[in-house]
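**Q** when you get a sec, could you give me coordinates for this:
(2 chains)
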Amino acid sequence: MTAFGKVVRTTAFKLSAIYFVVFSVFAIAFVGWITRETDRFLTQQVRDTIEAEIGVLADEGLRSGLTGIVAAIEQRSRVPGASLYVVTDSEGRVVAGNVTEVPPALLKLSGLEPVTVPYKRLEGETSHHIAMVQVLPLPNGFRMLIGRDISEIERIRELIGKAMISAVVLLIFLALVSWFFVSRRVLKRIDSVTATSRQIMAGDLSGRLEVTPAGDEFDRLAENLNAMLDRIVHLLHGLKDISDNIAHDLKTPLTRLRTRVETTLAGPAEIEAYRAALEATIEESDQLIRTFNALLMIARVEAGSPDGALGPLDMAQIAADVVEFYEPVAEEAGVALKLSVEGPLPLHGSRELISQALTNLLDNAIKYVGSGEPAVATPVVNVAAQRVENEIVVSVSDNGPGIPESERLRVLQRFVRLEKSRSQPGSGLGLSLVDAVVKLHHGTVAMSDAGPGLVVTLRFPAET
Amino acid sequence: MRILLVEDDRETASYLVKALREVGHVPDHAADGEEGAFLLDANKYDVIIVDRMLPKKDGLTLVEETRRKGNDTPVLILSALGQVDDRVTGLRAGGDDYLAKPYAFAELLARIEVLARRRKPGEAETLLKVGELELDRLSHLVHRGDINIPLQPREFRLLEYLMKHAGQVVTRTMLLENVWDYHFDPQTNVIDVHISRLRSKIDKGFSEPLLHTVRGAGYMVRDGVR
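**A** Predicted structure coming up:
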C-alpha cells in the first residue's frame, strides 16, 4: 500500500474529510443565503427610491407640466448622490438630465419594471457604471428615464463572494489542522495501546496500558483492558495451580500402579498372583480414566461448551429422578433420604449436567453424613427444590459433621479433599464439577451451616 | 457373528480381532475408511464397529454412506471423544450405539451382542419371559410362577431392559444409559445397589436365580436350566 493509501485509511483522515465536506456545504449554503437576502433587500430599496422619485415627478408634471418636471430634474440633479434623470422629446433628443450614453434603444421602451443598464454621467465621467432605470412615457411623445446607481450593490456582492472563498479556504485549513491534531494527539494514544497489546501478546503479561490523569474515553478503555489483563493473569495462575495439582494427583496412582506390576513381576511366577495384580491394575486404570474424564468434563463445562444440548427443564423432575436414583444407596448406607419439591420448576439448561451435579452432591452427602465423631445417630440427607422469586433454589443438606467455614470455598477447587476424609474413595473433583455446572447455568453455589451439618445451596435463574 | 472392524490403530485392531475370535466371532479388519467401504459392499455383516477418526474416509462419512446405500447393519461407533454432543452427532450419522475410548472389552462385547440381536424380529413383544419369570409390558405386571412381584416403575424398566436382552451381558453403563438416560459415571456404584434390590425381589426365595452377575462385565438375566 502506498503512503498516501495508508494516510487515507486512517480514522483521522476520514474524520477530517467528513468534517471538511459537511462544514463547507453548510458554510457555502449560509453565505449564499446571506448574499441572496442582502441582494434582494438592496434591490428592493433601489426600486422603492425609483418609485418615490416617479411619484414626486409625476406630481410636479401634473402641477406645472413638462417644464415643471424639467425644472425639478435640474434641481435634483445637483444634489450629491442624485438619481439619474433623462427626458427626451418625441424625436429622441435629450432635453434635460444628468446622464449621457444610455443605450438609445432603452428609451424606446416604456417598461413598468426597472431594468439594469450601463450608463455614463454628464460630469466628464469616463467609465461606465451600472444603474437600475425605469422609463416612463410623458405627454407629446416625451419620455422620462429615472434610475439609481447600483455599483454599490455590485461591490457588496463581490465582497460577499470573496468572503465566501476565504471562508472555504479557512475551513480547508481548519480541517487540515484538526486532522493533524487528531492524528498526532488521539491516534498516538491508540497506537500506544496497539503497541502495548502487541508486547503483551508477545508474552509479557506484566505490561499495562498507560492511564493518563485526563480520565477520558481512552483512559477508561485502558483501565478496562488493564482489568481484563489482571483477570487473565489471575486465571493463568489458577491454571498453573490446577496443573500442579493434576500432575501430583495423577502421578500418585500411576506410581502405585507401576510399583504393583513391578513387584508382581519380581515375585514368584504364579498365575494367581498375576491375575490379582492385573485385576488391580485394571481397577486402578479405570479410576484414572474416570479422573481424566471428570477433568475433561469440567474443562469443557468451564469453557462454556456444554455437554449435550441445553433446553427447557423441570428442576422438580430432575431432583426427583436423582433422589430416586440414589435412594437405594442411601438406604444401604442407613441414611434417610428425603425429598421436598414444589414443582414444576422451569429452567433452561442441560439435564445431563444438572443431574450429574446433583448426583455429586448427594453422593458426598451420603458418604460424609455419618463421618462425624461421634457419628450422628440418625443420619438424614434432605434434597429440596423450590422457586424463590426469579430463582430456582436447590439445596442438599445433611446433619453430618459439616465443613468448617474456612474450608468451604476451597473444596470447590479441583483435587481439594479435606484431609480427614481421605479414607473415602473419590477424586476431589465432584464439587469442582458442581461449581462449573452451576456457573454455566449462570447460577451460584453457597455452602452454609445446617446446624449441625452442611447445606449446599444452588441457585439458578428461573425460566420465565 | 460376522463383524467388520474398521480401526486404523494396528495394535488396537489386532487385539480386538484376537479377542473377538476367542469368544467365537468372525471379525474382518479394515485399516481405513475406503477399505471398510469396500468390505461392506463385498460382504454381509451382523455388526460393524467403526472408529470415528480414520484415514482416507472418516468414520461418520462411512456410516452415512453405508446408510444411504440402504445397508442397515447395526453400527457401533468408537471414539476418543466421549461427550454427549459427540455421541449425538455419531448417532445422527446413522450409528446405533456409541462407545468412548478407552473402553473395557467386556463393554464392547456386550454392546455388539445386544446390537446384533436388536435386528431380529419380535422387538415389539408385549410379554417377556425368562424361565418362569414373566413381565407384561402392557399391564406392567411381573410375576414369577404364581407369585406376583410388585415393582416400582424404575425397577420395572430395569427388569424390562434386562429381560429384553435375556441371555446377553448387560453392562452398568448400558443400564445407566437405557434405564435412567444418564450418560455420566456416578461415583458410587449405584447400579449395583439397584440390581441387588431387584434381585432380592425376583430371586429371593427361589432355588434357581435368574439375575446373574457377570464378573468384570455386568449382569445377565438367564434361565438357569437352559
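**Q** where does chain B have low pLDDT?
**A** Within chain B, the stretches with pLDDT under 70 are B:81-85, B:119-124, B:224-226.
**Q** which bits of it sit near chain A?
**A** B:82-85, B:88, B:102, B:104, B:154, B:180, B:182-188, B:190, B:193-194, B:197, B:216 (C-beta under 8 Å from any C-beta of the partner chain). (Glycine included, C-beta is placed from N, CA and C.)
**Q** from the residues you listed, list just the buried residues.
**A** B:82-84, B:104, B:154, B:180, B:182-188, B:190, B:193-194, B:197 (16 or more other C-beta atoms under 10 Å in any protein chain shown).
**Q** tell me, what residue is most central in chain B?
**A** In chain B, the C-alpha nearest the mean C-alpha coordinate belongs to B:Arg111, at 2.5 Å (C-alpha atoms, centre = their mean).
**Q** which positions in chain A make contact with chain B?
**A** A:279, A:282, A:286, A:289-290, A:293, A:297, A:300, A:307-309, A:321, A:324-326, A:328-329, A:332, A:352, A:355-356, A:359-360, A:363, A:366-367, A:425-427, A:430.
**Q** A:Leu339 - nearest residue in space that isn't next to it in sequence?
**A** Of all residues not flanking A:Leu339 in the chain, A:Val323 sits nearest, at 4.4 Å (C-beta to C-beta, 6 or more residues apart in numbering or on different chains).
**Q** so which helix or strand takes in the one you found?
**A** helix A:315-332 (DSSP states H and E).
**Q** could you do B:Pro55 as well?
**A** With DSSP H and E as criterion, B:Pro55 is part of no helix or strand.
**Q** how about B:Ile191?
**A** Going by DSSP H and E, B:Ile191 is part of helix B:190-202.
**Q** pull the residues that contact the following helix or strand past that helix.
**A** Moving toward the C-terminus from helix B:190-202, the next helix or strand (DSSP H and E) is strand B:211-214. Here strand B:211-214 makes contact (C-beta atoms under 8 Å, 6 or more residues apart in numbering or on different chains) with B:106, B:162, B:169, B:195, B:198-199, B:202-203, B:219-222.
**Q** quick one: which of the residues you listed is nearest A:Val211?
**A** The shortest approach to A:Val211 among the contacts of strand B:211-214 belongs to B:Ala106, at 63.1 Å (C-beta to C-beta).
**Q** if we can go back for a sec, any idea of the angle the helix holding A:Val323 forms with helix B:190-202?
**A** Taking axes from the mean of the first three to the mean of the last three C-alpha atoms, to 10 degrees, one finds that helix A:315-332 is oriented at 70 degrees with respect to helix B:190-202.
**Q** what's helix A:315-332 packed up against?
**A** On a contact count with 3 or more C-beta pairs under 8 Å, 6 or more residues apart in numbering or on different chains; DSSP states H and E, helix A:315-332 meets strand A:336-341, helix A:351-368, strand A:380-388, strand A:391-398, helix B:190-202.
**Q** so which of those gets nearest A:Phe41?
**A** In terms of C-beta to C-beta, the element of these nearest to A:Phe41 is strand A:391-398, at 73.7 Å.
**Q** what residues does the closest one touch?
**A** Contacts of strand A:391-398 from elsewhere in the structure, counted by C-beta under 8 Å, 6+ apart, are A:315, A:319, A:345, A:347, A:358, A:361-362, A:365, A:368-369, A:379-387, A:450, A:453-462.
**Q** B:Leu40 against B:Arg68, yeah?
**A** No: between B:Leu40 and B:Arg68 there is no contact under C-beta atoms under 8 Å: 11.9 Å.
**Q** show me where chain A has strands.
**A** A:84-88, A:94-97, A:99-100, A:115-121, A:129-137, A:143-149, A:311-314, A:336-341, A:346-349, A:380-388, A:391-398, A:444-449, A:454-461 (DSSP state E).
**Q** for B:Lys18, find the nearest of these.
**A** Here strand A:311-314 is closest among the strands of chain A (C-beta to C-beta), at 43.5 Å.
**Q** now for the closest one, which elements pack on it?
**A** strand A:346-349, helix A:351-368.
**Q** centre of the chain to the shortest one, how far?
**A** By that I understand strand A:346-349. 31 Å (C-alpha atoms, centre = their mean, to the nearest Å).
**Q** tell me what it is packed against?
**A** Looks like strand A:346-349 contacts strand A:311-314, strand A:454-461 (3+ C-beta pairs under 8 Å, 6+ apart).
**Q** next: the longest one.
**A** In terms of contact count using 3+ C-beta pairs under 8 Å, 6+ apart, helix A:351-368 is assigned the packing partners strand A:311-314, helix A:315-332, strand A:380-388, strand A:391-398, helix A:430-440, strand A:454-461.
**Q** now render these as CSV, adding mean pLDDT and mean neighbour count.
**A** What follows is the helices and strands packed on helix A:351-368, written out as CSV (pLDDT from 0 to 100; neighbours: other C-beta atoms under 10 Å in any protein chain shown):
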stretch, mean pLDDT, mean neighbour count
strand A:311-314, 88, 15
helix A:315-332, 91, 21
strand A:380-388, 90, 19
strand A:391-398, 90, 24
helix A:430-440, 86, 23
strand A:454-461, 90, 21
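**Q** can you tell which of the ones you listed is closest to A:Ser151?
**A** Among the helices and strands packed on helix A:351-368, strand A:454-461 sits nearest to A:Ser151 (C-beta to C-beta), with 82.2 Å.
**Q** may I see the buried residues of stretch A:220-234?
**A** Within stretch A:220-234, the residues that count as buried by 16+ other C-beta under 10 Å are A:222, A:225-226, A:229.
**Q** looking at those residues, which are in helices?
**A** Judged by DSSP state H, helices contain the following of the buried residues of stretch A:220-234: A:222, A:225-226, A:229.
**Q** quickly list the domain ranges of chain A.
**A** A:3-155, A:217-302, A:311-461 (automatic domain parsing).
**Q** for A:Met201, find the nearest of these.
**A** domain A:217-302 (11.0 Å).
**Q** span of that closest one from start to end?
**A** For domain A:217-302, the separation between the terminal residues is 32 Å (C-alpha to C-alpha, to the nearest Å).
**Q** centre of the chain to it, how far?
**A** 42 Å.
**Q** do the same with stretch B:141-150
**A** Centroid separation for stretch B:141-150 versus its chain: 27 Å, with C-alpha atoms, centre = their mean.
**Q** mind listing what's buried in it?
**A** Those would be B:142, B:144, B:149, for stretch B:141-150 by 16+ other C-beta under 10 Å.
**Q** just the residues you listed: which are in strands?
**A** B:142, B:144.
**Q** closest one to chain A out of the buried residues of stretch B:141-150, please.
**A** Comparing the buried residues of stretch B:141-150 against chain A with C-beta to the nearest C-beta places B:Ile149 closest, at 16.7 Å.
**Q** apart from its chain neighbours, what residue comes closest to that closest one?
**A** The shortest distance from B:Ile149 to any non-neighbouring residue, by C-beta to C-beta, 6+ apart, is to B:Val142 (4.6 Å).
**Q** B:Arg21 too?
**A** B:Pro27 (6.5 Å).
**Q** isn't the one you found up against B:Leu16?
**A** Yes: counting by C-beta under 8 Å, B:Pro27 does reach B:Leu16; the two are 7.2 Å apart.
**Q** which residues do those two both contact?
**A** Here B:Pro27 and B:Leu16 have B:Leu5 as joint contacts, going by C-beta under 8 Å, 6+ apart.
**Q** hmm, who's touching stretch A:54-73?
**A** Looking at what lies outside stretch A:54-73 - C-beta under 8 Å, 6+ apart - the contacts are A:85, A:87, A:95-98, A:134, A:136, A:138-140, A:142, A:144, A:146.
**Q** how does it look with 6 Å?
**A** By C-beta atoms under 6 Å, 6 or more residues apart in numbering or on different chains, the surrounding residues in contact with stretch A:54-73 are A:85, A:96, A:146.
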